[in-house]
Every structure is written in C-alpha cells, then in structure tokens.
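Undergrad: the sequence and its predicted three-dimensional model are supplied below.
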Amino acid sequence: MNERIMILGASFDQIPMIAKANAMGLYVIAVDGNPQAPGFSIADETHTIEVMETDRILALAQKRKIDGITTMVSNLGMRTVAEVSKVLGLTAIAPDAAKMATDKTIIKSELEKAGVPVPVGLQVSTSDEALEKADQFTFPVIVKPADGTKGRGIARADDAQTLHRAVENALTFSPGRTIVIEELIEGPTVGAEGLVIDGTFQPVLLTDKFNTEPPHFVTLGLTTPSNLPKDVQKRVGDTAARVAETLGMTTGAGHIDMVIDTDGTPKVIDVGPRLASGPVIFDFALNLMGVDMIQSVIRMALGQKVTLSPSWNGEYGCSRFLSAATPGCMYNIDFPSINGDFSFYPYKVLGQPVTEPESDTDRIGCITITATTYEAAIQKADALLAKTQVDILA
C-alpha cells in the first residue's frame, strides 16, 4: 500500500502540496474546515475538520494509520502537525517549538533574549490598554494579531484614533486575543525561504517584497533572487539561521520575513515554521534554483533524508498579485498579448466575490514572469499587470 500523507489545509495555497504528493505516488488525506475547499478535488480522501481541531485530527490520523502529516502554508496548522506527530512518533518540530514559532509575542520575546534583532514593541489585549501604553512608543506603529495568519488584521496606526481602530480590527483575527504593537521601520522587506535540515536553516531564496500602501500591509509581489547588497544578504541568511535555532525549528521549512533598518541590520518581523504561499516556492525555487521545496517537506514529514544543493540558473523571477480595485463579483479576466511567457496562478474563481486587498486572502491570483536581469523582470511584470483587465460587477 502507498504511504499515507495527511495534509492540513486544502485551499488554493495548499493545492501545490496536494498535487506534489499525488505525483510522488502517495495516498493523500486532505483536511480542511471548508467542505468546498478546492484542494479536495485532487485528494484521495477528504475530511471537513478545522486544522486546529487537534483531537479530532489525531483520532483520524490514528484510524487511518498515516505515515506523515504536514501543511504547506498554515501557521496554526503547524501546531496540530506537531502535536499529532509527537503522539504518533512521526517527524515534525516539537509542539512547544510550533507554539513559539506561530505566536508573535513569544517570537519577539525569545528572539530578544537571544540577541536576534527585532523591532521594538509591546503586547496588549484591548484597545484601551493600547491607548494607556501609547506613551511607551512613537507613532507611526504597526499593529498585528499575535497569532494571526495570512496578513489578516495587520495595519499601520499614525495616532490614537487609528490605533484604537487598528487594535479592535486586529482582535477579530486573534484567537488568543493578543495584539503586538511595534515600531514602523521604513526599509526594504526581504523574505528568507529555506529548509531546516538536521536542525540547521539552509536558505534557498531571498526575496525582495513589495507591499500595499498603509494602512494595510499586503504583499503585492516580489522579485528574486534579492538585489540587496551581498553583505546585507549574508546578514539576512545568518539571522534566519539564528531564528530557526532559537525557536526550535529543527525540521521542515522556514519562512522568515525581515525589514532592513537604515544601518543595514535585518530585523525579524514575521516567522512561519512552514513554506511560503504563492509561486515563490512551487515556481521560482524549483525553476530558478532547482530545489523542490514542497517535495522536500513531504519527504521530511515521512521521515526520509533530504539534502539541499541549490543551483541558480542566472534568471530573475518576479511575481505580481492580482487584486480588486473595487468590491463586487469577478466575472472575467483578460490578459494582454505580450512577447515572452508568463504564468498565472488563480486563487479565486470567476463568480466569487472579491474586495480591495486587506490581507493575503483577498488576492485574486498571481502572475509570474522571468528575465535575465532584476530590473527587466520587474518591468515586464509591472507592464503585464498594468494591462491585465479584471472585470467586476459591483
């Protein structure tokens, strides 16, 4: 019988992992709280269970005698992955590490104690508490749910009034009702995408990210490999390794975002003990660097040995996320005729309601394109995005 892999989450972001497991000849058991999750259509077996319902998922895993459990992009799902793996003797990070690496307050505390640079900040549980502590920070600030995912509830606050609104909104996306408020650093954002093999974080790609204007901070696209100075890139890689070690990320993947301060210091702003969402993993890592990160994570979950040998092909990849200019129902997408190939990865289907981007979940889809220079990749991607027509019925 084929080995059985349980994958937590079956949204559009999870489909690449389900498809890869299929291609590896595994028996795929997909779990998602949405009975209409699009990834269910390509799994061998499906179950409608929320990824944080650990006891139910453990009972199912025991009954189905799984050989491994993982997720592609679900931060909170990693807590269930860790708990189930511990009970069944499977390969994953420890439950306490999963808790640390998916709670922004714990991440900040542990990294500060280890001397890893992070933005100055504090935590609150209510908007009133935030206003009471307003004299402890300088506006503008960033407000984040401590245990939020997919960029939900992240916003900039420039004064007491916007701080109150931002905290109230962030609380709706925090299961633990805890909010992080931290200094706003006006510098470039870079993502370190890598695998943790034998307890050591090994970077595969560094990505330069482009975000929406305030108040929300939604990634609109990225370019990779990074164009940051080589010494800064080395500091980013070294910092990512320290993050993984400090938080107990001993196996699997690491998705670590940093902002570069004016003195060139990378400061950690987000951590995920899992793969990044979007084509940076299933397109750029594979096609530019020759590293199948998804297959590697699946193999590690099955207890198999993985080695890493990235080899850059000399090209640059650029992605741009499609989003709605106005809320409504999306009924058509027209792409222009261009010289050169591009790829489009949908996150929503025609007929679905769409809205302006306030989090990663509002993305319609992603365009990717490659070029022989960093600048050319950006120019081609921006030109393609500008000419792409998304028709919305208000």
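TA: Cool, the structure landed. Numbering: from 1, shown residues only.

Undergrad: how about low-confidence regions in the stretch 151-300 of the chain?
TA: With pLDDT under 70 as the threshold, the stretch 151-300 of the chain has low-confidence stretches at 213-216.

Undergrad: and if we set it to 80?
TA: Along the stretch 151-300 of the chain, segments meeting pLDDT under 80 span 151, 211-219.

Undergrad: what ranges does it have for its strands?
TA: 155-157, 179-183, 189-197, 200-211, 219-224, 252-260, 266-272 (DSSP state E, counting those that start in this stretch).

Undergrad: verify the contact between I333 and L322 for me.
TA: Yes - under the criterion of C-beta atoms under 8 Å, I333 makes contact with L322 at 7.4 Å. To be clear about C-beta, it is placed using only N, CA and C from the backbone, and glycine gets the same treatment.

Undergrad: who touches both of these two?
TA: I364, G365, T388, V390 (C-beta atoms under 8 Å, 6 or more residues apart in numbering).

Undergrad: can you put those residues in CSV and add distance to A59, secondary structure and pLDDT?
TA: What follows is the shared contacts of I333 and L322, written out as CSV (distance: C-beta to C-beta, whole Å; DSSP: H, G, I helix; E, B strand; the rest coil; pLDDT from 0 to 100):
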residue, distance to A59, secondary structure, pLDDT
I364, 37, coil, 90
G365, 36, strand, 90
T388, 46, coil, 90
V390, 43, strand, 90
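
Undergrad: what subset of those is buried?
TA: When these are checked for burial by 16 or more other C-beta atoms under 10 Å, the buried set is I364, G365, T388, V390.

Undergrad: dead centre of the chain: give me the residue that sits there.
TA: Centrality entry for the chain: nearest residue to the mean C-alpha point is A276, 3.8 Å, by C-alpha atoms, centre = their mean.

Undergrad: and the longest helix seen in the chain, what does it pack onto?
TA: With DSSP state H applied, the helix covering the greatest number of residues in the chain is identified as helix 230-246. Other elements packing on helix 230-246 under the criterion 3 or more C-beta pairs under 8 Å, 6 or more residues apart in numbering; DSSP states H and E are helix 104-113, strand 189-197, strand 200-211, strand 252-260, strand 266-272.

Undergrad: before we move on, the earlier item: which residue is the nearest non-sequential neighbour of the residue nearest to the centre of the chain?
TA: Once flanking residues are discounted, A276 sits nearest to H255: 4.4 Å by C-beta to C-beta, 6 or more residues apart in numbering.

Undergrad: ok, now T250?
TA: Beyond its immediate neighbours in the sequence, the residue positioned closest to T250 (C-beta to C-beta, 6+ apart) is G199, lying 4.7 Å away.

Undergrad: which ones are touching the one you found?
TA: For G199, the contacting residues are E245, T250, T251, by C-beta under 8 Å, 6+ apart.

Undergrad: of these, which is the nearest to Q36?
TA: Here the nearest of those to Q36, counting by C-beta to C-beta, is T251; it sits at 32.2 Å.

Undergrad: can you count the residues close to the closest one?
TA: Residues near T251, counting by other C-beta atoms under 10 Å, number 21.

Undergrad: quick one: it and V87, what's the gap?
TA: In this structure, T251 and V87 are 17 Å apart, going by C-beta to C-beta, to the nearest Å.
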